[in-house]
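In: Here is my input, please return the structure:
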Amino acid sequence: MFAINSPAMTPDTCPNCGADVPRNAKVCPECGADEKTGWSDEAHASSLGLPDESFDYNEFAEREFGKKKALPYGVKWFWWIVAMVLVAIFIFGIFKWIQ
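Out: Purely as a prediction, here's the structure:
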C-alpha cells in the first residue's frame, strides 16, 4: 500500500491521508503528518478502527444479537413421528415386494 524503506525515510504515500508525499519531505503536504504523528505502521493501523487484543467476540455477539435462542420445546416429537412413518412405509414396501 505504501512504501517505507526505513524509519528515517519519507514514505511515497502518506499513511494518514493517502496523499503523495514528495521525496525527502519532512511532513505531508496535505495533512501535516510526519514521522512522529503518522508515518509509522502503528499510526496507519490505528486509523483503521480495528479491535484491540482484549476484544471478546462472544461478549460482543451477545451484546449485539442477544443470547442464543433455544429451539422450541416439543418439536422433537414431530420428527420422531415422521421417522416412524417412513420406517413403516419402507417395511410395508419390502413386504409388498417380497410377496
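In: Setting aside sequence neighbours, what's the nearest residue to residue 14?
Out: The shortest distance from residue 14 to any non-neighbouring residue, by CB to CB, 6 or more residues apart in numbering, is to residue 28 (4.1 Å). The C-beta positions use only the backbone N, C-alpha and C, and glycine is treated the same way.
In: where's residue 18, which helix or strand?
Out: For residue 18, there is no helix or strand it lies in under DSSP states H and E.
In: By mean pLDDT, flag the weakest helix or strand of this protein.
Out: Ranking every helix and strand in the chain by mean pLDDT, DSSP states H and E puts helix 41-46 at the bottom, with a mean of 55.
In: quick one: average pLDDT of the helix or strand just after that one?
Out: Per DSSP H and E, helix 41-46 leads on to helix 57-65 as the next helix or strand towards the C-terminus. Helix 57-65 carries an average pLDDT of 85.
In: From the chain's centroid, how far away is the following helix or strand past helix 57-65?
Out: Once the chain leaves helix 57-65, the next helix or strand it forms, by DSSP H and E, is helix 76-98. Relative to its chain's centre, helix 76-98 lies at 45 Å (CA atoms, centre = their mean, to the nearest Å).
In: Dump helix 76-98 to PDB, keeping only the CA atoms.
Out: Output of helix 76-98 as PDB, limited to C-alpha atoms (Å, rounded to 0.1, in the frame of the first residue of the first chain):
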ATOM      1  CA  LYS A  76     -38.700 -33.400  18.500                       C
ATOM      2  CA  TRP A  77     -41.900 -35.500  18.700                       C
ATOM      3  CA  PHE A  78     -42.800 -34.400  15.200                       C
ATOM      4  CA  TRP A  79     -39.600 -35.700  13.700                       C
ATOM      5  CA  TRP A  80     -40.000 -39.000  15.600                       C
ATOM      6  CA  ILE A  81     -43.400 -39.400  14.000                       C
ATOM      7  CA  VAL A  82     -42.000 -38.600  10.600                       C
ATOM      8  CA  ALA A  83     -39.200 -41.100  11.100                       C
ATOM      9  CA  MET A  84     -41.600 -43.800  12.200                       C
ATOM     10  CA  VAL A  85     -44.000 -43.200   9.300                       C
ATOM     11  CA  LEU A  86     -41.000 -43.500   6.900                       C
ATOM     12  CA  VAL A  87     -39.800 -46.700   8.500                       C
ATOM     13  CA  ALA A  88     -43.400 -48.100   8.300                       C
ATOM     14  CA  ILE A  89     -43.700 -47.200   4.600                       C
ATOM     15  CA  PHE A  90     -40.300 -48.800   4.000                       C
ATOM     16  CA  ILE A  91     -41.200 -52.100   5.800                       C
ATOM     17  CA  PHE A  92     -44.600 -52.200   4.200                       C
ATOM     18  CA  GLY A  93     -42.900 -51.700   0.800                       C
ATOM     19  CA  ILE A  94     -40.400 -54.600   1.400                       C
ATOM     20  CA  PHE A  95     -43.200 -57.000   2.500                       C
ATOM     21  CA  LYS A  96     -45.300 -56.000  -0.500                       C
ATOM     22  CA  TRP A  97     -42.300 -56.500  -2.800                       C
ATOM     23  CA  ILE A  98     -41.400 -59.900  -1.300                       C
END
